[in-house]
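**Student:** my questions are about this predicted structure, shown below with the sequence.
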Amino acid sequence: EDQVTQSPEALRLQEGESSSLNCSYTVSGLRGLFWYRQDPGKGPEFLFTLYSAGEEKEKERLKATLTKKESFLHITAPKPEDSATYLCAVQGVSYNTDKLIFGTGTRLQVFP
Amino acid sequence: DAGVIQSPRHEVTEMGQEVTLRCKPISGHNSLFWYRQTMMRGLELLIYFNNNVPIDDSGMPEDRFSAKMPNASFSTLKIQPSEPRDSAVYFCASSFEPNQPQHFGDGTRLSIL
């Protein structure tokens, strides 16, 4: 069964303290891995898509990387406005649809 | 550009009542998705449309749930009769093509008393 596990569930950082969020996945053939950011009371906001092992994407203080078993979201020198829940999702080749399997997210809090 | 638009933003109703949630996808997107989010189970796909045709409804919990997409710019998710365990945030998302990112609306927070 295809599965996505995110860790840690929650992370508290001081402003400027860099860290990484983990997304481990099992899927029978990866079509794509997606990272989203979700603020309270809002829908998930798309950040990155990664398609193959070794691929990296960057946006401001965020950098996403992908291996054959997991993805990392690295946050460099975070600011309070980076506080949100970060969701990881995978799309597998075994699906006959564009179905995404989501992890339960990492809730990040950045304190000034 | 307008994003995915959902209505209502909040709905509170009594058990047994019919509930209809509405979604307007991003113009030009040909795939539309309905999700449910709860603290216990996270985001779960309920049903997916491609070019207005339902493709995968395996996530619809039971016959009380139904979804339609009469045209490319409108979809509804209906619950009849509603039950307290249906309380959740329901999201609609759309994408341009397969393998492209899905863009989400801000959801409908549904409370069934």
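**Tutor:** Yep, that arrived.

**Student:** mind showing which ranges of chain A have poor pLDDT?
**Tutor:** Chain A contains residues with pLDDT under 70 at A:94-97.

**Student:** and the residue of it closest to chain B?
**Tutor:** Nearest residue of chain A to chain B: A:G43, at 3.3 Å (CB to the nearest CB). The way it works is simple: take the backbone N, C-alpha and C, and place the C-beta from them, glycine included.

**Student:** distance check, the residue in chain B that chain A sits nearest to against B:L43.
**Tutor:** Nearest residue of chain B to chain A, counting by CB to the nearest CB: B:F104, 3.3 Å away. Computed as CB to CB, to the nearest Å, the B:F104 to B:L43 distance reads 9 Å.

**Student:** same question, B:F96
**Tutor:** In this view, B:F96 and B:L43 are 20 Å apart by CB to CB.

**Student:** neighbour count: these two, which is higher?
**Tutor:** Neighbours per residue (other CB atoms under 10 Å in any protein chain shown) separate B:F96 from B:L43, with B:L43 holding more: 24 against 14.

**Student:** my read: the more buried one touches A:F102, true?
**Tutor:** Yes: using CB atoms under 8 Å, B:L43 makes contact with A:F102 at a distance of 4.1 Å.

**Student:** which neighbours do those two share?
**Tutor:** Residues touching both B:L43 and A:F102 (CB atoms under 8 Å, 6 or more residues apart in numbering or on different chains): A:L87, A:A89.

**Student:** picking up where we left off before, any idea what sits nearest the residue of chain A closest to chain B, other than its immediate chain neighbours?
**Tutor:** Distances taken as CB to CB, 6 or more residues apart in numbering or on different chains place B:F104 nearest to A:G43, at 3.3 Å, with adjacent residues excluded.

**Student:** how about the one you found, what does it touch?
**Tutor:** Neighbouring residues of B:F104 by CB under 8 Å, 6+ apart: A:Y36, A:G43, A:P44, A:E45, B:V4, B:Y35, B:F91, B:C92, B:A93.

**Student:** separation between it and B:F74?
**Tutor:** To B:F74, B:F104 is 17 Å away according to CB to CB.

**Student:** ok, now A:Q91?
**Tutor:** 25 Å.

**Student:** in terms of neighbours, single out the busier of these two.
**Tutor:** Taking other CB under 10 Å, A:Q91 and B:F74 do not tie; A:Q91 has more neighbours (23 against 14).

**Student:** next one: phi and psi at the more buried one?
**Tutor:** For A:Q91, the backbone dihedrals (degrees, to the nearest 10) come out as phi -120, psi 120.

**Student:** isn't it right up against B:F33?
**Tutor:** No: using CB under 8 Å, A:Q91 is not in contact with B:F33; the gap is 11.7 Å.

**Student:** intersection of neighbour lists for those two?
**Tutor:** Residues touching both A:Q91 and B:F33 by CB under 8 Å, 6+ apart: A:D98, A:L100.

**Student:** show me the helices in chain B, by range?
**Tutor:** Applying DSSP state H to chain B gives no helices.
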